[in-house]
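Peer 1: okay, structure incoming, though there's no sequence with it:
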């Protein structure tokens, strides 16, 4: 059903963990059901594209959070907006927006609407990041740094907030695109279910002063990233084989 009215299976977290993360679960994993509408977004005038600003998923001091699984529960036509946008996902080293994103993280800023931005004099960095507008990377592959995922019922988006070294990845800044009314003025809605997975550290934290928090997380995060990438490559190879492709 492409208009699933927010329906999802109650075993969604367990199923995702079993099939995509080798059964790894943490009691700190978070499950969040969200809705948004063009009516709500019409009240936000701070930015033409990102009404709620940009953030990374380690915000609100969720430092062990490392991967997000976002399940879209209904279709949203592309002309109505609502995509999940990663504006600098494909940014190269030296890109000013990538540098701005990293400076915000260096000051423990994980949301472009944080009250601390003005106090720290980081308004320019937040503006550079929010001003990086892009469409789907396939349209302008040589110059566009963005990846844009359009909501489609049953589509599952998985992305890591930390890189293989355990550090918060500046390319993981993302936002929900502004929702726009339909051609006849009808309200556009988006419904999503988000599973935030956290590193299961089992109460053990690094005691060695020479070790950083990122060092502690790195082996676990890297292992999960590599395993999931290998699984994706295998699935792609099987699909190509079924379709008669090389």
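Peer 2: Now that the structure is in, tell me what you want to look at. Please read these numbers as outputs of a predicted model, since none were measured by experiment.
Peer 1: from memory residue 22 sits against residue 228, does it?
Peer 2: No: between residue 22 and residue 228 no contact is recorded; they are 9.2 Å apart, counting by C-beta atoms under 8 Å. (Each C-beta comes from the backbone N, C-alpha and C, glycine too.)
Peer 1: who's more crowded, the two?
Peer 2: Of the pair residue 22 and residue 228, residue 228 is the one with more neighbours under other C-beta atoms under 10 Å, namely 16 against 12.
Peer 1: now the helix or strand of the chain with the lowest mean pLDDT: buried residues?
Peer 2: When each helix and strand of the chain is scored by mean pLDDT, DSSP states H and E, helix 12-20 comes last, with a mean of 85. Buried residues in helix 12-20, counted by 16 or more other C-beta atoms under 10 Å: 13, 16-17, 20.
Peer 1: tell me the two of the residues you listed that are most distant?
Peer 2: Using C-beta to C-beta, the two most remote members of these are 13 and 20, lying 11.0 Å apart.
Peer 1: picking up where we left off before, okay, the buried residues of helix 12-20 in TSV with distance to residue 33 next?
Peer 2: Converted to TSV, these look like this (distance: C-beta to C-beta, whole Å):
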residue	distance to residue 33
13	12
16	15
17	18
20	20
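Peer 1: and which of these is nearest to residue 144?
Peer 2: Of those, the one sitting nearest to residue 144 (C-beta to C-beta) turns out to be residue 20, at 28.0 Å.
Peer 1: okay, helices next: where are they in this protein?
Peer 2: Under the criterion DSSP state H, the chain contains helices at 12-20, 38-41, 96-106, 116-119, 123-130, 213-242.
Peer 1: for those, which one sits closest to residue 196?
Peer 2: helix 12-20 (10.0 Å).
Peer 1: same for that closest one, what does it pack against?
Peer 2: In terms of contacts (3 or more C-beta pairs under 8 Å, 6 or more residues apart in numbering; DSSP states H and E), helix 12-20 is packed against strand 65-72, strand 189-198.
Peer 1: which parts of the last one are buried?
Peer 2: The neighbour-count criterion (16+ other C-beta under 10 Å) identifies 189-193, 195-198 as the buried residues of strand 189-198.
Peer 1: try the shortest one
Peer 2: Counting neighbours by 16+ other C-beta under 10 Å, one finds that the buried residues in strand 65-72 are 65-72.
Peer 1: least confident pick among these?
Peer 2: In terms of pLDDT, the lowest of the buried residues of strand 65-72 is residue 65, showing 87.
Peer 1: who does that one bridge with?
Peer 2: Note on residue 65: beta-bridge partners by DSSP bridges are residue 198.
Peer 1: can you list contacts of stretch 101-112?
Peer 2: Contact with stretch 101-112 is made by 50, 53-56, 58-60, 88, 116-117, 120, 122, 125-126, 129-130, 168, 170-171, 173, as judged by C-beta atoms under 8 Å, 6 or more residues apart in numbering.
Peer 1: cutoff 7 Å now
Peer 2: 53-56, 58-59, 88, 116-117, 120, 122, 125-126, 129-130, 168, 170, 173 (C-beta atoms under 7 Å, 6 or more residues apart in numbering).
Peer 1: again with stretch 217-225
Peer 2: Residues from elsewhere that reach stretch 217-225 (C-beta under 7 Å, 6+ apart): 21, 66-67, 160, 162, 164-166, 199.
Peer 1: how about the residues you listed in TSV, adding distance to residue 37?
Peer 2: Output for these, formatted as TSV (distance: C-beta to C-beta, whole Å):
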residue	distance to residue 37
21	32
66	30
67	28
160	29
162	32
164	38
165	39
166	37
199	34
